[in-house]
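Enquirer: Just to be clear, the model below is a prediction. Sequence and coordinates:
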There are 2 protein chains.
Amino acid sequence: MGKLVFVGLGLHDEMGVSLRGIEEIRGMDAVFAEFYTSLMIGLSIEKLEKLIGKRVSIVTRKDLEEGGGSLILQKAIEGKVALLVPGDPLIATTHIALRISAEKQGIKTRVIHGASIDSAVIGLTGLQNYKYGRSVTIPFSENKFALDTPYSVIMENRKMNLHTLCFLDIKAEEKRYMTIKEGIQLLLATEKKMERGVITLNTLVVGIARAGSRDPTVKAGYIKEVITHNFGVPPHSLVFPGKLHFMEAEALITFAGAPEQIKEMIK
Amino acid sequence: MGKLVFVGLGLHDEMGVSLRGIEEIRGMDAVFAEFYTSLMIGLSIEKLEKLIGKRVSIVTRKDLEEGGGSLILQKAIEGKVALLVPGDPLIATTHIALRISAEKQGIKTRVIHGASIDSAVIGLTGLQNYKYGRSVTIPFSENKFALDTPYSVIMENRKMNLHTLCFLDIKAEEKRYMTIKEGIQLLLATEKKMERGVITLNTLVVGIARAGSRDPTVKAGYIKEVITHNFGVPPHSLVFPGKLHFMEAEALITFAGAPEQIKEMIK
C-alpha cells in the first residue's frame, strides 16, 4: 500500500529539518521537493541530497497546481514517497489539496512538522502570540484592488488592538521576492487611495529578514525610518503592531532597535 | 563574552529538534531545559542527553518566573549556554522576558526555531492559515470570569467568519493537562451563563491530540459527538471553525472524519 509523507524542511537551509524528518526521508522509495511556496535562501540541493542520501526531484508550481501533483501521486500509489516543503507542511493550500487527493486514492499520508515562518516571526519580534489577529499576504499584482485586503486587515486588527503579520509575496519562477521596502510602498500607495490613516510615515512597523538564518535582521521603528533600513537579502516579512504591552515595547526596543518613544503606545 | 541560545525542540519527543539545533547544542558549555510551557509526551531526558552528548539541567517555572532565570543568566555571562524549550522558542512570554534580561546584561542571544503547535494544528486540520483570528488559551482557573475571554474570542472570530485556535491549559507541576473533553465542558458551562448561542451541542469543533507524534488524532464533528470521542493521551488542542471554504470542508471530512453535512456551512 502506498504512502505519502509531507516533510517540513523548516527555515533557511537543509539544517532546518528535524531528526524525525531525516529518519523518515531515508526510508523512502522516492523523494520530491518544492521550493516555490517559500524561499529557503541558504539551501543547496546538492547538500540536501548528500544529507539524506537520496536523489531529490524538484516539482514546480505547475506540476502541483495544474498537474494536481499526479507525478507524485502515481509514485505514491506503489511505494513510499516524501514531498519535502519549506517551513511546516500544510500551511500552503496546495499541500492540503494534494493531501486530500492522496487520501481519496487510498494513499496513506503523514506529516512531519518543521519550523514555520509564522511562529518564527512572532518569536523574533517578541510580540505576544495571542495578540495577533488574522494574517495576510501583500501580493504582487496588477489588479488595482489587490492591496485593499491587506490594508483593511491591518486596519481591522488595529481597531481590536491586535498585531498583523504580513507575508510578502514571492514569484519563485521569476525569482521575485517582495522586500520590506516594496511591501511598505504598496501599502503607502493604498493609503493614498483609501485615506483612512492606517499606513503613514509615522506608523510603527517591524521588518524581519531571513528568520532562521545565522544573521536574521529585525528592525522596528516608524515607517519613515524602516523604509530606508538595509535588511539584506530576502525572505522578508512585516509586522504591524497593535497596542503594546509594557514587555512588548521592551522587546521591540531591545531586540529590534525601536525608538524609546514607542513606550507612549503602551496600553 | 557570554551567549544564550534558545533552542526549540519541536514537537512530541527528542526527534523533533532540527539538525541546526543539535549542532548548536553540541558546542555549548552548559545546557538547560524547561518542560512546563508545553508537554512533550514522548520525550525522555536520558535519550535527549545521549543524543546531544551533554548533561541537561531542568529548570522549573519557579526558576524562570520567580527567579528571573538568574541561574541561567549567571552561566551565560561567562560562557555559552543553551536553553532547550518545547516547540518554537519565544512564543512563551517567559522566554521573551529572559531574552530581554540577557540582552540588557550584554549577553548575546540567538534563536534556533523548532516546529510549533500553532502551525502544526493549523496544518493538521487543513483549515486555511490566513482565516484564523486571534488564538486563545482555555485556562484551568477557579476564577468564575476566567472563561469569558475564550468564549468571547470564539464569538468575535466567528462573527468575522474566522477560525479560533484554542490552546488547552497545562499545569506541569501538578501533571494536569486539559483534555478536549474538559475544554468543551468548560465552554458549555460558560454558554449557560452567557447565553449567546456560541457553544452548543451542534457547534462544529475539531479536536487535535499529540500533534507531531506518529499517531496524532484529529477528529472534527459537532460537539455532541466530539465530546465522547477517545482522543487518547495529551497534549490536546481545539479549533472552532468559522465559515468554511469548499476545500476546508473537504479537508475536515477527509482528514478528520467530519460528517458530510458540514458542507452546508460552506460560504
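Expert: Happy to help now that I have it. Numbering: from 1, shown residues only, chains lettered A, B, ... in the order given.

Enquirer: quick one: contacts for the residue lying closest to residue A:132 once chain neighbours are set aside?
Expert: Using Cβ to Cβ, 6 or more residues apart in numbering or on different chains and skipping the chain neighbours, the partner closest in space to residue A:132 is residue A:163 (4.8 Å). (Each C-beta comes from the backbone N, C-alpha and C, glycine too.) With contacts defined as Cβ atoms under 8 Å, 6 or more residues apart in numbering or on different chains, residue A:163 is in contact with A:127, A:131, A:132, A:133, A:157, A:239, A:240, A:241, A:242.

Enquirer: Residue A:140 too?
Expert: Residue A:140 touches A:169, A:171, A:176, A:178, counting by Cβ under 8 Å, 6+ apart.

Enquirer: just checking, which of the residues you listed belong to strands?
Expert: The members of these that map onto strands under DSSP state E are A:171, A:176.

Enquirer: Show me which of the contacts of residue A:140 is closest to residue B:265.
Expert: Using Cβ to Cβ, residue A:169 comes nearest to residue B:265 of those, at 29.6 Å.

Enquirer: Next, the contact list for that closest one, please.
Expert: So residue A:169 contacts A:137, A:138, A:139, A:140, A:141, A:178 (Cβ under 8 Å, 6+ apart).

Enquirer: Quick check: it vs chain B, distance?
Expert: Relative to chain B, residue A:169 is positioned 13 Å away (Cβ to the nearest Cβ, to the nearest Å).

Enquirer: Residue A:90 looks like it's in a strand, true?
Expert: No: counting by DSSP: H, G, I helix; E, B strand; the rest coil, residue A:90 is not found in a strand; it is coil.

Enquirer: So what touches the helix or strand containing residue A:5?
Expert: Using DSSP states H and E, residue A:5 falls within strand A:3-8. With Cβ under 8 Å, 6+ apart as the test, strand A:3-8 has contacts from A:17-18, A:21, A:24-25, A:28, A:72-73, A:76, A:79-90, A:95, A:98-99, A:102, A:107-116, B:115.

Enquirer: redo that, cut-off 6 Å
Expert: Under the contact criterion Cβ atoms under 6 Å, 6 or more residues apart in numbering or on different chains, strand A:3-8 has outside partners A:21, A:24, A:76, A:80-84, A:87-89, A:102, A:107-114.

Enquirer: and chain B, which of those residues reach it?
Expert: The subset of the contacts of strand A:3-8 lying close to chain B, counting by Cβ under 6 Å from any Cβ of the partner chain, consists of A:88, A:89, A:113, A:114.

Enquirer: before we move on, back to that, would CSV of the contacts of residue A:163 with pLDDT and neighbour count be doable?
Expert: Formatted as CSV, these follow (pLDDT from 0 to 100; neighbours: other Cβ atoms under 10 Å in any protein chain shown):
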residue, pLDDT, neighbour count
A:127, 97, 28
A:131, 97, 20
A:132, 97, 25
A:133, 98, 25
A:157, 98, 24
A:239, 98, 24
A:240, 98, 25
A:241, 98, 26
A:242, 97, 21
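
Enquirer: With respect to residue A:41, which of those is nearest?
Expert: Of the contacts of residue A:163, the one sitting nearest to residue A:41 (Cβ to Cβ) turns out to be residue A:239, at 19.7 Å.

Enquirer: Which elements pack onto the strand or helix carrying that closest one?
Expert: For residue A:239, the enclosing helix or strand under DSSP H and E is strand A:236-240. When contacts are defined as 3 or more Cβ pairs under 6 Å, 6 or more residues apart in numbering or on different chains; DSSP states H and E, strand A:236-240 sits against strand A:164-168, helix A:180-194, strand A:204-209.
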